[in-house]
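J.: Predicted coordinates and the sequence they were generated for:
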Amino acid sequence: MAQYNDSLQQYFNDRRYVGTLTGPSIRSAQHDLMDVQLRFYLDIHNDIIQHVRYKVMGPPPVIAACAWLAEQIDQQPTETLANLTPAPLMTAFSLADHQQHQITLVIRIAQQCLDL
Amino acid sequence: MKTQHLPIYLDNMATTPTDPRVSEAMLPYITERFGNPASVDHAYGWAAKAAVEQAQQQIAQLINADPRSIVWTSGATEAINLALKGAMHHYQRQGKHLITFTTEHKAVIDTCRHLAHSGYDATILPIQADGLIDLEQLAASIRPDTILVSVLHVNNETGVVQDLVAIGQLCRQHGCLLHVDGAQTLGKAQIDVSSTPIDLLSLSAHKVYGPKGIGALYVRYQPKVQLTPQIHGGGHQHGLRAGTLATHQIVGFGQACDLAHDDIATDIERITALRDHLWQGLQDNLDGLTLNGHASQRVPHNLNFSVAGVEGETLTNALHQIALSRGSACTSATIEPSHVLTAMGISRQQANSSLRLSLGRFTTQAEIDAALSHLIDTIQSLRNLAP
């Protein structure tokens, strides 16, 4: 088992913002390939992300990335999500290059909620 | 210095803690009785030699062998190398074929592959979905030029136990040698080399509450099995394995075997109850658990099961209160499923979501209760996390 840095481990252990959102204003996106199952749910009003939730099955970096991302965009303008890139997470979690695709996936799926 | 709270140790098939009674027996041979057993001219050497001989007796007693048949090695891996390479090199004029199985430890498989690259012919047979060897398939695979069959007695990943009597009889009928990888055998399952047709048996100390870095190879004395030595330099152990004997480790191994001889029945009874309590508790509270390997032909020390609905690395990361192994191994960039589980027909995903819990002599009821609670809470939490 890989040993992850304290930041990743903390987000993985705490796992905030887990759940689902329903209703006509909810935007969601999902991914079901390559050992990762991911759902993002955003409640957006006046271009502000009022609520964010996710459900995920995948390796620890993916789960920690979901928790980190949710924290970053909660109560923030949609621009915050639209402008997110993997770089700050890769640094914060001290991940190796070959793990970047996992972070990219999480960001991309969340950003797909904005496309709807 | 900050004291780290250590997890509950349920990884006894990886290694066992050294029994305090073993450490106590070893200590004098690190301190005042430091002689070289090969020093024949003074009391220091005589004392060391006597200690080595006593340890030989202790191991021989546990496996019901002639003490003269015990060869000391640095561990089971070296014993396996000596057995396979030594036998194949010695008997190569009679044949160059050996047989083993897909669920063997890498020490055997890699040695077989090395022999195959060196001009020998290695057949690696599949096994059945429950982890047991197909005896008919084995019988059909033995050829006139087969020198050796190598079998793992107690599988290190699943705990499945092979029928050595039946396999040994097959080998006898066909006139080939039987090597048994007994690294997990001592203290977990009974073995009797006098009544079972075993020619070579590799043993490990650190799997039976002894020290790391010492093992032994049983080499049948009558009728004598011949081996070509693999380590040269000094003619120790009748030329079979050179190198100064590590008296303190040998003493430890001997003492561990002595304790195993006395404690095996009570250990097995107690550990069976703990394992059953753990497995029943898991099944009562969680669905989607699948036991890997034969349900009854296994040692009680091992519980290897797959967990549906949870990713494997996440599962073991979240189970931080338990020291265990999972059904996969990490390379630098990928996670590969266990070759044992995939050889049994278990899917990659299921293998990656498998856990191996292995109990031991020092596992307590309180630890099992705590582990059970942690497992249930963690698996439920991760399943709630999933879509």
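T.: The structure has been received and is ready for your questions. Residues are numbered from 1 along each chain as shown, chains lettered A, B, ... in the order given.

J.: quick one: low-confidence ranges for the stretch 151-300 of chain B?
T.: Counting by pLDDT under 70, the stretch 151-300 of chain B contains no low-confidence residues.

J.: Find the nearest non-adjacent residue to the most centrally placed residue in chain A, please.
T.: Centroid-nearest residue in chain A: A:C66, 2.9 Å away (criterion: Cα atoms, centre = their mean). Among residues not flanking A:C66 along the chain, A:Y54 sits closest, at 4.7 Å (Cβ to Cβ, 6 or more residues apart in numbering or on different chains). The way it works is simple: take the backbone N, C-alpha and C, and place the C-beta from them, glycine included.

J.: so is the residue nearest to the centre of chain A in a helix, a strand, or just coil?
T.: Put simply, A:C66 is helix when judged by DSSP: H, G, I helix; E, B strand; the rest coil.

J.: my guess is it meets A:Q37, correct?
T.: No. At 11.5 Å, A:C66 does not count as touching A:Q37 under the criterion of Cβ atoms under 8 Å.

J.: anything in contact with each of the two?
T.: A:V56 (Cβ atoms under 8 Å, 6 or more residues apart in numbering or on different chains).

J.: which residues in the stretch 251-387 of chain B form helices?
T.: Under the criterion DSSP state H, counting those that start in this stretch, the stretch 251-387 of chain B contains helices at B:312-318, B:339-343, B:348-352, B:365-385.

J.: touching chain A at all, the third one?
T.: Okay, so that is helix B:348-352. Yes. Using Cβ under 8 Å from any Cβ of the partner chain, helix B:348-352 reaches chain A at B:Q349, B:N352.

J.: Does anything pack onto that helix? Which helices or strands?
T.: helix B:312-318, strand B:335-337, helix B:339-343 (3 or more Cβ pairs under 8 Å, 6 or more residues apart in numbering or on different chains; DSSP states H and E).

J.: what's the closest of the ones you listed to chain A?
T.: helix B:312-318 (4.7 Å; Cβ to the nearest Cβ).

J.: As PDB, could you dump the C-alpha coordinates of that closest one?
T.: Presented in PDB, the C-alpha positions along helix B:312-318 are these (Å, rounded to 0.1, in the frame of the first residue of the first chain):
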ATOM      1  CA  GLY B 312      -8.900  -2.400  -2.700                       C
ATOM      2  CA  GLU B 313      -6.300   0.300  -2.000                       C
ATOM      3  CA  THR B 314      -8.900   2.500  -0.400                       C
ATOM      4  CA  LEU B 315     -10.000  -0.400   1.700                       C
ATOM      5  CA  THR B 316      -6.600  -1.100   3.100                       C
ATOM      6  CA  ASN B 317      -5.800   2.600   3.500                       C
ATOM      7  CA  ALA B 318      -9.000   3.100   5.500                       C
END
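
J.: returning to that earlier point: retrieve the pLDDT associated with the residue nearest to the centre of chain A.
T.: In this model, A:C66 is scored at 97, pLDDT.

J.: Tell me which residues touch it, please.
T.: A:C66 touches A:Y17, A:L38, A:F40, A:Y54, A:V56, A:V106, counting by Cβ under 8 Å, 6+ apart.

J.: before we move on, the earlier item: so which of the helices of the stretch 251-387 of chain B gets nearest B:N292?
T.: Of all the helices of the stretch 251-387 of chain B, it is helix B:339-343 that lies closest to B:N292, at 6.0 Å by Cβ to Cβ.

J.: what sits up against that closest one?
T.: B:102-103, B:106, B:109, B:126-127, B:131, B:155-158, B:292, B:304, B:327, B:348, B:350-351, B:354.

J.: Can you flag which of those belong to strands?
T.: B:N304, B:S354 (DSSP state E).

J.: For the contacts of helix B:339-343, which ChimeraX command selects only the ones that are buried?
T.: Buried residues within the contacts of helix B:339-343, by 16 or more other Cβ atoms under 10 Å in any protein chain shown, are selected in ChimeraX with:
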select /B:103,109,127,131,155,156,157,158,292,304,327,348,350,351,354
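
J.: other SSEs contacting the helix ranked longest in chain A?
T.: Ranked by number of residues, the top helix in chain A under DSSP state H is helix A:100-115. For helix A:100-115, the elements it packs on are strand A:26-33, strand A:36-45, helix A:60-73, helix A:78-82, helix A:87-93, judged by 3+ Cβ pairs under 8 Å, 6+ apart.

J.: mind listing what's buried in that helix?
T.: Buried, per 16+ other Cβ under 10 Å, within helix A:100-115: A:Q102, A:I103, A:L105, A:V106, A:I107, A:I109, A:A110, A:Q111, A:C113, A:L114.

J.: for the third one, what are its contacts?
T.: Listed by Cβ under 8 Å, 6+ apart, the contact set of A:L105 reads A:H31, A:V36, A:L38, A:V62.

J.: Distance-wise, check it relative to B:L152.
T.: Distance, A:L105 to B:L152, by Cβ to Cβ, to the nearest Å: 40 Å.

J.: One more: the second one?
T.: As for A:I103, its distance to B:L152 is 41 Å (criterion: Cβ to Cβ).

J.: Spell out which residues of the stretch 1-150 of chain B are next to chain A.
T.: Counting by Cβ under 8 Å from any Cβ, no residue of the stretch 1-150 of chain B sits close to chain A.

J.: hang on, the earlier thing: can I get the helices and strands packed on helix B:348-352 in a markdown table including mean neighbour count, mean pLDDT and distance to B:K207?
T.: Shown next, in a markdown table, are the helices and strands packed on helix B:348-352 (neighbours: other Cβ atoms under 10 Å in any protein chain shown; pLDDT from 0 to 100; distance: least, Cβ to Cβ, whole Å):
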| stretch | mean neighbour count | mean pLDDT | distance to B:K207 |
| --- | --- | --- | --- |
| helix B:312-318 | 23 | 92 | 22 |
| strand B:335-337 | 17 | 78 | 23 |
| helix B:339-343 | 22 | 95 | 16 |
